[in-house]
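A.B. asks: What follows is a predicted structure for the sequence shown.
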Amino acid sequence: MRLDKFLKECNVCSRSESKQILKKGLIKVNDKIIKDSSYKLDENKDVVTYNDKVIEYQEFVYIMLNKPSGVVSATTDSKDTTVIDLVSEYAYKELFPFGRLDKDSVGLLILSNDGKLAHELLSPKKHVSKVYYLKIKGRLDESDVKAFKEGITLEDGYVTKEGELEIIKSDEISECYATISEGKFHQLKRMFIALNKEVVFLKRIKFKDIVLDESLNEGEYRLLTNEEIESLKAI
Ligand code: URA
């Protein structure tokens, strides 16, 4: 792997910043100062230091994507663009999405190659909460808030676990925040259908403690910070 790529993957600096750091002689590979950003190293064997501190190679990548509408939450698809296509620079990392958002839903999706963490976070037993901003066709009132709290019977008889509904505006097109800790297929759309309403816009804004970075436009992404990764792992 190229040295500048290694530094970026380890969250040391961006690929463009690495040139300056290398020029200053701050990076050593196996105790030898390396100034060439294209230097090829073995990330599993070579010891790389920055300011004489060892940089641990990060096998796993954690990405925050602001998913746009029209893109499917899958790794491959024969006709639609996938969320993985949007982060093609990391294709070699074999990423997958942590859970799914519908094709017409937007917002926070975490992509990673950390299968163990995905398994833990997506386990129904872990009750990881997710917060959504929604626009709803139909007026909302306290009976909807109560229904979310008590559980809503879906069309197949399943009763949803306790959730939370916060009404922002009740009108012909209402706005609200919904918090749920499950991930059934089309769950919120089905919950609102059961309440005789229709979801017309759905954006995930929070997954566990990770909040969507609003500076990311739809389709844009960034690596999670080390603090965000730690908070995801704190189960
Ligand atoms: N609930 C839905 O109905 N769709 C989503 O994309 C996410 C939650």
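C.D. replies: All right, it came through fine.

A.B. asks: Quickly run through the sheet partners of the lengthiest strand in the chain, with directions.
C.D. replies: Criterion DSSP state E: the longest strand present in the chain is strand 198-207. Each strand paired with strand 198-207, and its direction, by DSSP bridges: strand 106-112 (parallel), strand 130-137 (antiparallel), strand 210-211 (antiparallel).

A.B. asks: deepest of those strands, which one?
C.D. replies: Of all these, strand 106-112 has the most neighbours on average by mean count of other Cβ atoms under 10 Å, namely a mean of 23. All C-beta spots, glycine's among them, are computed from the backbone N, C-alpha and C.

A.B. asks: quick one: which of the strands paired with strand 198-207 is nearest the ligand?
C.D. replies: Checking the strands paired with strand 198-207 against the ligand by Cβ to the nearest ligand atom gives strand 130-137 as the closest, at 6.3 Å.

A.B. asks: Check the average confidence over the closest one, would you?
C.D. replies: Strand 130-137 carries an average pLDDT of 98.

A.B. asks: Contacts for it, please.
C.D. replies: With contact meaning Cβ atoms under 8 Å, 6 or more residues apart in numbering, strand 130-137 is reached by 99, 107, 172-181, 183, 188, 192, 197-208.

A.B. asks: Any of these buried? List them.
C.D. replies: Those of those that meet the buried threshold are 107, 174-176, 178, 180-181, 188, 192, 197, 199, 201-208, by 16 or more other Cβ atoms under 10 Å.

A.B. asks: can you give me the strands in this protein?
C.D. replies: 27-29, 32-33, 48-50, 53-54, 62-67, 96-97, 106-112, 130-137, 164-169, 173-180, 198-207, 210-211, 221-223.

A.B. asks: The second one pairs with which strands?
C.D. replies: This means strand 32-33. Assessed with DSSP bridges, strand 32-33 is paired to strand 27-29 (antiparallel).

A.B. asks: Check the offset of the partner strand from the chain's centre.
C.D. replies: 32 Å (Cα atoms, centre = their mean, to the nearest Å).

A.B. asks: Make residue 1 into 6 and carry on from there
C.D. replies: Shifting the count to begin at 6 puts that one at strand 32-34.

A.B. asks: what about it, average pLDDT?
C.D. replies: Rounded mean pLDDT across strand 32-34 is 97.

A.B. asks: can you check stretch 98-113 too?
C.D. replies: If you average the pLDDT values across stretch 98-113, you get 95.
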